Structures are given as structure tokens and as C-alpha cells.
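J.: here are the coordinates; sequence isn't available:
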């Protein structure tokens, strides 16, 4: 069982470059989430998608865009990367009942911006 | 704004010991509370989810309790093993689709 798959696992960017982080889940979950994890800050929600075709801002959405491509895939895009976006990014999903169901996490993308 | 605090930040115990991890939150209007485990370089694994109407949940050697009115939860680990070594995170759902996480407790179980 793959669960939640994130690509790439590691990435180094220069300031101003753009990139898209990919996430796919094979559990037929309706809801998907993007978080960032920073030392001393804990995990913070960037964007979420309650269901296919909908997306909403979380706690720290500035500098990011998302696309819920279909039920399986939820991508996160950095249009113009900044050093403050250096972080570990996690994608998660949850089943019917949305946030009242346990969230399943991918292994993360470690992103460094120079 | 919801804030979640976990105490202690780090804990080291000998194998076989029973232990308790603590979590507190500032706003008692929550939908649920979840405990996660995170291994180094990995994502989070959901351990237990307690709905706001529940007092506790159990899974194997793990027992989580919730006292919503006082804003507290505990995770009890019985007969700890070296494989339990990880960071344990507490999170509360206090508005639709937004989990607020604590900073975690780093647990080391020594053989």
C-alpha cells in the first residue's frame, strides 16, 4: 500500500525559481492537505482541499498556490521561491468525514532555497 | 487563537518503563484531538484520535485521555520498548479542517 506519495523527496532551489511539489494518494480520500514543518514552529497548514474541485487557505498560504488536479492528486506550487520557504513540506489526506478522520501523511519533501 | 503545548519537550526512559506524555490546549471548543508519531526523516503516523465527546481511546499499549473542559490530554505508553523511540505530536481540531499541532515530545527508550 503506497498511501500518500510525495515527489520529489529533496530539492534545492535558488531564490526566485519556481517549482511544483506533487502529492498523490491511493486511498480514495476526499480531503487533502499541505503543511510545512519548521524547527520550533511545529506543523502549520498551508492549504487544504475538502473535496475534488475545492481549495481553501490555511494558516500560512502566502507565496503558495495549489491545484486539486483530481481526487488523487493535490499539488503545491511556489511561484517565486524565497529563503523563508526553506522547510519540510508534508502532504496529508483524510477519508469521508474530512478532518474528523485521522490524517495520513506522506514522507515529506525537504526543500532548501538559497 | 488555539495554542497547543506539549510537556516535556524531551524524555529519556529505560526500556520497560510506563510513561506519560502531556498535551494542553488553550481553547476547549475542539472537535477532536489526535496523537501522532514521527520518526526521523519521515512523515506523521496517526496513533489515536479522540472525538470531543469521548474521554479516552486505546490501541495496544497506548492509551490517550481527553479532558476537554480543562484543555488537557495525556498519552500513556505501557511497557515502553526501544522501538517506541520517536517524536510524539499532539494536535487539536478546533475549526473546520484546521489542525493545530504542538511542537512534540522527543522520546528515547534506552535498551
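T.: Thanks, I have it. Predicted model only: the values in this text are computed from it and were never measured.
J.: ok, residue A:76 - contacts?
T.: Residue A:76 makes contact with A:20, A:21, A:23, A:34, A:46, A:47, A:64, A:65, A:66, A:89, A:91, according to Cβ atoms under 8 Å, 6 or more residues apart in numbering or on different chains. (Each C-beta comes from the backbone N, C-alpha and C, glycine too.)
J.: One more pass at 7 Å, please.
T.: A:20, A:21, A:34, A:46, A:64, A:66, A:89 (Cβ atoms under 7 Å, 6 or more residues apart in numbering or on different chains).
J.: What's the PyMOL line that selects buried ones from those?
T.: In PyMOL, a selection of the buried entries from those looks like this (16 or more other Cβ atoms under 10 Å in any protein chain shown):
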select buried, chain A and resi 21+34+46+64+66+89
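J.: Can I get the contacts of residue A:76 in TSV including distance to chain B and pLDDT?
T.: Output for the contacts of residue A:76, formatted as TSV (distance: Cβ to the nearest Cβ, whole Å; pLDDT from 0 to 100):
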residue	distance to chain B	pLDDT
A:20	19	97
A:21	14	98
A:34	12	97
A:46	11	96
A:64	16	97
A:66	13	97
A:89	11	98
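J.: Of all pairs in the contacts of residue A:76, which one is the farthest apart?
T.: Farthest apart among the contacts of residue A:76 by Cβ to Cβ are A:20 and A:46. That separation is 13.5 Å.
J.: Tell me how many other residues surround the closest residue to residue B:10 other than its chain neighbours.
T.: Closest residue to residue B:10 apart from its sequence neighbours, by Cβ to Cβ, 6 or more residues apart in numbering or on different chains: residue B:106 at 4.4 Å. Neighbourhood size, residue B:106 [other Cβ atoms under 10 Å in any protein chain shown]: 17.
J.: How about residue B:68?
T.: Neighbours around residue B:68, by other Cβ under 10 Å: 18.
J.: likewise residue B:71?
T.: 19.
J.: least trustworthy helix or strand in chain B by mean pLDDT?
T.: Ranked by mean pLDDT, DSSP states H and E, the weakest helix or strand in chain B is strand B:98-101, scoring a mean of 89.
J.: which one is residue B:68 nearest to, not counting chain neighbours?
T.: Distance criterion Cβ to Cβ, 6+ apart; nearest residue to residue B:68, sequence neighbours excluded, is residue B:28 at 5.2 Å.
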